[in-house]
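>>> following is a predicted model, sequence given first.
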Amino acid sequence: MFIRPAETKDLEAIIALLNREIIGGVNIFRLEPLGEAMASRWWQLHGQGRYRAIVAESTEFERDRTAKIAGWASLAPHSAYEGYDRTAELSVWVDASFRRRGCGRMLVEALQNSCRERNIRTVISRIESNNQASLRLHAACGFHHAGLLENVGEKFEQSLSVVLMQYHVPELHT
């Protein structure tokens, strides 16, 4: 498995992975899958520049000899307010068949290592409070618990809480 910048050819796999969680899980509070227009908007932010997404490409090939996207991660603006410019929010998604194999950690660490060049000094993650795997991943990557937002989301007739986790880029956080 190797990490590389996302390319246009990856967009379908990226959105498919996200849509599977939207449809069947509670780790994202969206209720409707992303269609073509929303996927295009996502790509405008994450296809290049400061918030360019990265993918984990498996060295295991599909039947048609194309590489499989095992997961992806991106940073996004934390807020539209200018004072938050150096704070970003992390998203990391790993295909179920590649979980517990180091893919998520590779993606998170690659983004952490790119924060200096992206001029980002603080990274925030919002994690559904029962997602123990994601909480462990973030802690293993140096994130610390920054708070709990109780009952802020609803999905599948459940009230959901969010753990806030925060990472300070060592040389940029003053």
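Looks like it came in fine.
>>> contact partners for residue 97?
residue 70 (CB atoms under 8 Å, 6 or more residues apart in numbering). Any C-beta I mention is one placed from the backbone N, CA and C, and that applies to glycine too.
>>> which strands and helices sit next to the longest helix that the chain contains?
Ordering each helix of the chain by length in residues (DSSP state H) puts helix 103-118 first. Applying 3 or more CB pairs under 8 Å, 6 or more residues apart in numbering; DSSP states H and E, we find helix 103-118 packed against strand 2-5, strand 54-61, strand 67-77, strand 87-94, strand 122-128, helix 132-140.
>>> I'd like the average pLDDT over that helix.
The average pLDDT within helix 103-118 is 96.
>>> ok and it relative to helix 132-140, angle-wise?
40 degrees (axes from the mean of the first three to the mean of the last three CA atoms, to 10 degrees).
>>> wait, what's in contact with residue 13?
Applying CB under 8 Å, 6+ apart, the residues contacting residue 13 are 55, 68-69, 72.
>>> out of the helices and strands packed on helix 103-118, which is closest to residue 162?
Closest approach to residue 162 among those (CB to CB): strand 122-128, 4.9 Å.
>>> partner strands of the closest one and their direction?
Neighbouring strands of strand 122-128 in its sheet, by DSSP bridges, are strand 87-94 (parallel), strand 158-168 (antiparallel).
>>> what does that strand rub up against?
So strand 122-128 is contacted by 26-27, 75, 78, 86-90, 92, 111-112, 115, 134-135, 138, 143, 146, 149, 153, 160-169, 173 (CB under 8 Å, 6+ apart).
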